[in-house]
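In: Below is the sequence, then the predicted model.
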Amino acid sequence: MQLTSARRRQTQPTGFTLMEVLLVLVILGVIASLVVPRLTGSQERALVMATKTGMKELEAKLELYAVEHMATYPETLQQLLEPVDVDGQPMKPYEKEYPKDAWQQPLNYELTFDSNGAGAAELRIWSNGPNRQNDKGSGDDINSWDTREST
C-alpha cells in the first residue's frame, strides 16, 4: 500500500498550468480596470480639497498681515516671506516658503480694487489647477472666490 501512494504522488502534477495562470491574470486585469479609475478620481478630489484648504490658510495670513499693517494687504506674496513693519523693521515671516498648491505650483495672487480705487475690494487667490496652466481663475483653475461660495 505504501508503494501505490508513493507512485500517486509522483504522477500528480505540481505547480500551475498555463491556463490557470492566464485565468488569474485576466481576473486581476478586470479588477484593476474597475478599481484604478476610481482611485485616480479620489486622488484628484483630494488634491483639489488640499489646495482649497491651503488657499483658506493663505487668506487668513493675508488678513493677519493687513491687521498688522494698518489695513493694507501685501502687493505680492513675497512680502509674506520677508515682511517689514510700518517703520521698515524686519518682522517674523508669515510664510516659510512661497505658497504652493497641491501640484507644487506657486499660487497666484492679486488684489482687486473697487471702481474709485479707495481700497482693496477683494483678495483673489487661485491655483493653476491640475493642468498647471494659468487661466486667471477660470477653466480648471481652483480659485478663492468659488471656494467662498461653495462653503
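Out: Sure, I can see it.

In: Going by C-alpha atoms from here, please, whenever you check contacts or count neighbours.
Out: Noted.

In: and the longest helix seen in the chain, what other elements does it pack with?
Out: Secondary structure of the chain per DSSP state H: the longest helix is helix 18-68. Contact analysis of helix 18-68 by 3 or more CA pairs under 8 Å, 6 or more residues apart in numbering; DSSP states H and E lists strand 120-127, strand 142-143, helix 144-150 as its packing neighbours.

In: These: lowest mean pLDDT?
Out: Note on these: helix 144-150 shows the lowest mean pLDDT, a mean of 61.

In: Based on its surroundings, how many neighbours for M55?
Out: Neighbour count of M55, defined by other CA atoms under 10 Å: 25.

In: right, and it touches I125 too?
Out: Yes. Between M55 and I125 there is a contact at 6.8 Å, judged by CA atoms under 8 Å.

In: overlap in contacts of those two?
Out: Here M55 and I125 share the contacting residues S144, scored by CA atoms under 8 Å, 6 or more residues apart in numbering.

In: ok so, going back, and the angle from the longest helix of the chain to strand 120-127?
Out: Taking axes from the mean of the first three to the mean of the last three CA atoms, to 10 degrees, one finds helix 18-68 and strand 120-127 inclined to each other by 160 degrees.

In: Past helix 18-68, which element shows up next along the chain?
Out: Sequence order places helix 78-81 as the next helix or strand after helix 18-68, per DSSP states H and E.

In: list the buried ones in that next one?
Out: For helix 78-81, a neighbour-count test (16 or more other CA atoms under 10 Å) marks Q79, L80, L81 as buried.

In: what's the spacing between that helix and its chain's center?
Out: 22 Å (CA atoms, centre = their mean, to the nearest Å).

In: In PDB, could you pull the C-alpha coordinates for it?
Out: Backbone C-alpha positions of helix 78-81 (Å, rounded to 0.1, in the frame of the first residue of the first chain) are rendered in PDB as follows:
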ATOM      1  CA  GLN A  78       6.800  87.600  -1.400                       C
ATOM      2  CA  GLN A  79       6.000  90.100   1.200                       C
ATOM      3  CA  LEU A  80       4.700  87.400   3.500                       C
ATOM      4  CA  LEU A  81       8.200  85.800   3.400                       C
END
